[in-house]
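Visitor: my questions are about this predicted structure, shown below with the sequence.
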Amino acid sequence: MTRPRLRLVGGVCAGFAEHTGVPLSTVRLVTVLLSFCGGFGALLYAWLWVTVPSGAAAVDPLPKSSLARSPVASPASAEPVQAAAALPGSDATNGRSGFARADGDSARAAPVTEILLGLALLAAGSALVASRLGADIPLAVVVPAIVVLAGTALAWRQFADIRSGAAQQSSALLVRILGALVLVAVGILLFFVTGTNPNAWTVILAAASVLLGVAVVTAPWLLRLWSDLADERAARAREAERADIAAHLHDSVLQTLALIQQKAGPHSDAARLARAQERELREWLFTGSRAAGAEPATDLAAALRRIAGEIEADFAVHFEVVTVGAGVGVRSAASTDSSSMDAPESLVAAAREAMLNAARHAGGAVSVYLETGARGIELSVTDRGPGFRLDQIPEDRLGVRESILGRMRRAGGTAAVRPGPGGAGTEILLTLPAATAPVTDEHHTETSVR
Amino acid sequence: MTDQNPIDRAATEPSAASAGLRVLIVDDHSIFRSGLRAELEADITVLGEAATVDEAIARVIDLQPRVVLLDVHLPGGHGGGGAEVIREAAPRAPNTLFLALSVSDAADDVVSVIRAGARGYITKSASGAEVSEAARRVSEGDAVFSPRLAGFVLDAFGAVAGETAETTEELDRLSARETEVMRLIARGYSYKEVASTLFIAAKTVETHVSAVLRKLQLSSRHELTAWALERKLL
């Protein structure tokens, strides 16, 4: 049985009606009628409200203007309370005053305290009114009942505080909880001590009552604690399962993909596909395990890896990207803040062009090395291709000359094209000194060069 | 083995020592094991394979291979993976050297096997020829650094931030020359290419790399011990 989200008061009647199939109006009528039988219906309602879980996440009900009521239990103010209690919607008024509390997170826990205090108030009021009307009121029963209700309310609030992790001294909190529980116990005892002359049976009954009282106070809390624990366990199980899957994928699938690349050779389609899949999977595994962190899109190293992935998808090339040093962001071309360590976008664009060049003319294994240190940013792209010399490139080939050299010059850095290690292949070295005031790249020339 | 005196010949002719290089492949995936076995060059003899930590320890002690190609992540044992194999088996196989192979680039994986005693670390995307070359290099007593491991070393020892060791005894920092060598390896240079770029002998490059490996294993630098502690290696 759960309480629906759309509810008039606490959703208890609606929930009960849905659960049993009895018409809603009948349930409501019976509840109201029961409320007249010594308040049994109202108490039952409150009990169910507390214990039955909400059908979904607690949503703030429609904001209703609260009925401002003074909790002072003077005989004068008790009379209107009694009048309200006589109405069918008696507990509704109590409930509303609870909702009116601007309690942020515990919309459900808050009204319970109010309701219980309200019920205590109601009991006091009705007792007084009845005694005025001349009825024989057993004060020995009513007074303890008020104490019990007030005690339960206090206890409830303490438990709610504990569960929401309110920053309070735990010892002080404990004392108050014990106080509340003692209040309940004393109240129940009073039923019997102030009642008829005590004998063995009443004592046993009293003891049982005390236990019952404590149980009544703590049961909802224990139930909640239990369900919280179960939730936490489920969450932990899910997390462990995810880690298992990740480990398994890491070990088996990544290995297989590595093997395919090895067997197929760097220039084949199979290797290219396997590499793309491996990259994707690695990215997923990596970002999955690291929830928090800097935005990957604005990190220079991440930008290089992304470019490598994009180019690998189109060319038979494998980039080994090694990055060293502190993380460096990428500053957009529009930004004029040149004092930051961030790399300008033009560096990324130049690196992309260099990598594309290596993929197009050399292919195979290409090393990309990024070092960010006190001296500035150093980026090298080394391939093992046929190699080329700048002076051999026709004047109309703007790829290297403009997109790499020109771009770096405008950014305040340098670019060098030279033969790779051992005289084979090509190495393009981009450097950007640390304390530089780069000239902002003009975007229209960039695009025309490309 | 037709060698009459393998130890003497190994001392005089390094190439002959590698001719009969005896290796053990430890990996929990049979596909990878058989793939690697087929890829390895002809002069490398695969003595056997192992799939778990316990199996690997037993095989290493039993077969006494020269080089163990060791996966970092392995099931079994006390959950220590490749590092556990090295710690358990190395004392009882004094002539065995370990080369770590992994798909992982995570720093703590690298640190755990290197600090346990592996002589090198390469990624599984390396080709059969590269693995063969690395195994041969390890068998000759050299250290094997992949570009990634070199980059990691530069980071962990603060070389990029400009920290350099004053003396060769200092374990927590790299010397200027070691930094240069590491930087070139991180750029994808082979040892030979590093040597020609820096105008030094190839043997000198190997000396530098071995020195860096020793620092990686013995240094108490915070970045290394933090990872090691995480893996309960200290």
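Guide: Okay, I see it. Residues are numbered from 1 along each chain as shown, chains lettered A, B, ... in the order given.

Visitor: and the host helix or strand of residue B:205, how far out from the chain middle?
Guide: Using DSSP states H and E, residue B:205 sits within helix B:202-218. Here helix B:202-218 is found 11 Å from its chain centre; the criterion is C-alpha atoms, centre = their mean, to the nearest Å.

Visitor: again with stretch B:198-209
Guide: Using C-alpha atoms, centre = their mean, the offset of stretch B:198-209 from its chain centre is 17 Å.

Visitor: any buried residues in that stretch, and which?
Guide: B:198, B:200, B:205-209 (16 or more other C-beta atoms under 10 Å in any protein chain shown). Where you see a C-beta, it was placed from the backbone N, CA and C, and this is true even at glycine.

Visitor: using CSV, write out the CA atom coordinates for it.
Guide: The C-alpha coordinates for stretch B:198-209 follow below in CSV (Å, rounded to 0.1, in the frame of the first residue of the first chain):
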residue,chain,number,x,y,z
LEU,B,198,71.8,13.7,-28.3
PHE,B,199,75.1,12.7,-29.9
ILE,B,200,75.8,10.0,-27.3
ALA,B,201,76.4,6.3,-27.6
ALA,B,202,73.5,3.9,-27.6
LYS,B,203,74.9,2.2,-24.6
THR,B,204,74.8,5.5,-22.7
VAL,B,205,71.1,5.8,-23.5
GLU,B,206,70.6,2.4,-22.0
THR,B,207,72.5,3.4,-18.9
HIS,B,208,70.3,6.5,-18.5
VAL,B,209,67.1,4.5,-18.9
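
Visitor: next up, the contacts around the closest residue in space to residue B:83 that isn't next to it in sequence.
Guide: Excluding its sequence neighbours, the residue lying closest to residue B:83 (C-beta to C-beta, 6 or more residues apart in numbering or on different chains) is residue B:116, at 3.8 Å. Taking C-beta atoms under 8 Å, 6 or more residues apart in numbering or on different chains, we find residue B:116 in contact with B:82-84, B:86-87, B:233.

Visitor: same question, residue B:202
Guide: B:191-192, B:195.

Visitor: now do 10 Å
Guide: Counting by C-beta atoms under 10 Å, 6 or more residues apart in numbering or on different chains, residue B:202 touches B:190-196.

Visitor: tell me if I'm right that residue A:362 and residue A:319 touch.
Guide: No - using C-beta atoms under 10 Å, residue A:362 is not in contact with residue A:319; the gap is 11.4 Å.

Visitor: overlap in contacts of these two?
Guide: Residues within reach of residue A:362 and of residue A:319 at once, by C-beta under 10 Å, 6+ apart, are A:381, A:383.

Visitor: helix or strand next in line after the host helix or strand of residue B:68, which one?
Guide: Residue B:68 belongs to strand B:67-71 when assigned by DSSP H and E. Under the assignment DSSP H and E, the closest C-terminal helix or strand after strand B:67-71 is helix B:81-89.

Visitor: just how off-centre is that following helix within its chain?
Guide: Counting by C-alpha atoms, centre = their mean, helix B:81-89 is centred 13 Å from the centre of its parent chain.

Visitor: of all the residues in chain A, which one is nearest chain B?
Guide: residue A:367 (2.8 Å; C-beta to the nearest C-beta).

Visitor: quick one, what contacts the residue nearest to that residue when sequence neighbours are not counted?
Guide: Spatial nearest neighbour of residue A:367, excluding adjacent residues (C-beta to C-beta, 6+ apart): residue B:188 at 2.8 Å. For residue B:188, the contact set (C-beta under 10 Å, 6+ apart) comprises A:320, A:322, A:365-369, A:380-384, A:420-421, A:425, A:427, B:146-147, B:150.

Visitor: need the buried residues of stretch B:198-209 in a markdown table with distance to chain A, can you?
Guide: Below are the buried residues of stretch B:198-209 laid out as a markdown table (distance: C-beta to the nearest C-beta, whole Å):
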| residue | distance to chain A |
| --- | --- |
| B:198 | 11 |
| B:200 | 14 |
| B:205 | 12 |
| B:206 | 17 |
| B:207 | 19 |
| B:208 | 16 |
| B:209 | 16 |
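
Visitor: list just the nearest of these to residue B:77.
Guide: Closest approach to residue B:77 among the buried residues of stretch B:198-209 (C-beta to C-beta): residue B:209, at 29.7 Å.

Visitor: so what pLDDT did that closest one get?
Guide: Residue B:209 carries a pLDDT value of 90.

Visitor: with the one 3 residues further on instead?
Guide: The pLDDT attached to residue B:212 in the predicted structure is 89.

Visitor: was I right to think it contacts residue B:186?
Guide: No - between residue B:212 and residue B:186 there is no contact under C-beta under 10 Å: 11.7 Å.

Visitor: got phi/psi on residue A:327?
Guide: Backbone torsions for residue A:327, taken as degrees, to the nearest 10, come to phi -60, psi 140.

Visitor: I am finished for the moment; much appreciated.
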